[in-house]
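# here are the coordinates; sequence isn't available:
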């Protein structure tokens, strides 16, 4: 991969490496229901299959999350996006960006990949309609490949 084809990332700190190794070991022993970690040799970037919960609009549908960890994880939130095609949901943009406060303003170092996944599945499970956010087209057009962490999110809807 050349530097022009991918954003450069700083290597994980020792603290981040230790934390992620611990989380991965816990995940392997006790994975959250409805999720499957795709094993790779890259500790800094996880790919996770999300399976829609029974009895919801997304029952038995499978989507992929990509979780990229910053140098100073867990003091800084990971970048979490759905790999397109992203689920149709009022808080998930067609480019995979997720409007969920714990991924940004409400992040806490006490959170884990498992707790993030459970929150995302809960968000999916509570949806009453499959639709994109009202501003999807404008947002995606203006995003130009930027990280969702560069967006100034407005968290105003706690219904879904």
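Great, that's in hand. Only a predicted model underlies this, so the values are computations on that prediction, with no experimental measurement involved.
# how about the residue nearest to the spatial centre of the chain, secondary structure?
Closest residue to the average C-alpha location of the chain: residue 80 at 2.6 Å, with C-alpha atoms, centre = their mean. In three-state terms, and counting by DSSP: H, G, I helix; E, B strand; the rest coil, residue 80 is strand.
# need the contact list for it.
Under the criterion of C-beta atoms under 8 Å, 6 or more residues apart in numbering, the neighbours of residue 80 are 65, 66, 67, 68, 98, 103, 116, 120, 148. Yep, even glycine has a C-beta here, placed from its N, CA and C like the rest.
# And these, which two are furthest apart?
Pairwise distances across the contacts of residue 80 (C-beta to C-beta) peak at 15.1 Å, for the pair 68 and 120.
# Have a look at these two and say which one is more surrounded.
residue 120 (26 against 17; other C-beta atoms under 10 Å).
# Can you give me the end-to-end span of stretch 127-146?
26 Å (C-alpha to C-alpha, to the nearest Å).
# chain center to that stretch, what's the gap?
15 Å (C-alpha atoms, centre = their mean, to the nearest Å).
# pLDDT averaged over that stretch - what is it?
In this model, stretch 127-146 has a mean pLDDT of 88.
# In that stretch, which of the residues would be classed as buried?
Buried residues in stretch 127-146, counted by 16 or more other C-beta atoms under 10 Å: 127, 132, 133, 136, 139, 140.
# follow-up on the earlier one: bridge partners for the residue nearest to the centre of the chain, pull those for me.
Judged by DSSP bridges, the bridge partners of residue 80 are residue 67.
# mind checking how far the biggest helix by length in the chain is from the chain centre?
Longest helix in the chain by number of residues (criterion: DSSP state H): helix 14-29. Computed by C-alpha atoms, centre = their mean, the chain-centroid distance of helix 14-29 equals 17 Å.
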